[in-house]
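Visitor: Got a predicted structure plus its sequence, pasted below:
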Amino acid sequence: MIVLGVGSFVADGERSAYPPSVAPIAVFTRLEAAPGRRDELRAAFESLHDAVAAEPGTVVFAMHEATEEPDVVLFYEVYDDDRALAVHRDSAAVRDVVARLGGLLARPPEVTYARSARAKGLPFA
């Protein structure tokens, strides 16, 4: 990162008014499978689960099935910082999954990014 003056930063060639965060970042994602396609949706993520094991900045990558909505798959992810999240998002494994989602989703994904305010059981809490 290069500081260009008050409130002006460059990181990886990108100019921003804010410095990149070095705090852990969580991602909550809700995917609703097209009717009858939940198992296919889950299967589309198998190779990604294997790939994230090799990402040093990925702290948590967990897939859940909603207990009261049979077609909903939820993800909880934690990354060391913004850079680790960017490495994950730019990976071949993520591109591969995104390419396979066509027709598997009933609606666009719902994604929320968050920083921990309080926590128990996380390595940075």
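Guide: Structure received. Computed from a prediction, not measured in an experiment: that's the story for all the values here.
Visitor: What secondary structure category should be reported for residue 27?
Guide: With DSSP: H, G, I helix; E, B strand; the rest coil as the basis, residue 27 sits in strand.
Visitor: Same check on residue 41?
Guide: Per three-state DSSP, residue 41 ends up helix.
Visitor: What of residue 122?
Guide: Under three-state DSSP, residue 122 falls in the coil class.
Visitor: Run a quick neighbour tally on it.
Guide: Neighbourhood size, residue 122 [other CB atoms under 10 Å]: 13. C-beta here means a position set from N, CA and C on the backbone, and glycine is covered the same way.
Visitor: Residue 32 now?
Guide: If we define neighbours as other CB under 10 Å, then residue 32 has 20 of them.
Visitor: Please apply the same query to residue 79.
Guide: Going by other CB under 10 Å, the residues that sit close to residue 79 add up to 24.
Visitor: shouldn't it be in contact with residue 23?
Guide: No. With contact defined as CB atoms under 8 Å, residue 79 and residue 23 do not form a contacting pair (10.1 Å).
Visitor: Can you show me the helices along the protein?
Guide: Along the chain, the segments classed as helices by DSSP state H run 38-44, 46-52, 82-89, 92-100.
Visitor: Mean pLDDT and distance to residue 28 for those - can I get that in CSV?
Guide: Shown next, in CSV, are these (pLDDT from 0 to 100; distance: least, CB to CB, whole Å):
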stretch, mean pLDDT, distance to residue 28
helix 38-44, 95, 17
helix 46-52, 93, 16
helix 82-89, 93, 13
helix 92-100, 94, 16
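Visitor: Nearest approach to residue 71 belongs to which of these?
Guide: When the helices of the chain are compared by CB to CB, helix 38-44 sits nearest residue 71, at 5.2 Å.
Visitor: how about the closest one: buried residues?
Guide: Judged by neighbour count using 16 or more other CB atoms under 10 Å, the buried positions of helix 38-44 are 38, 41, 44.
Visitor: Adding distance to residue 63, write these out as CSV.
Guide: Shown next, in CSV, are those (distance: CB to CB, whole Å):
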residue, distance to residue 63
38, 11
41, 10
44, 11
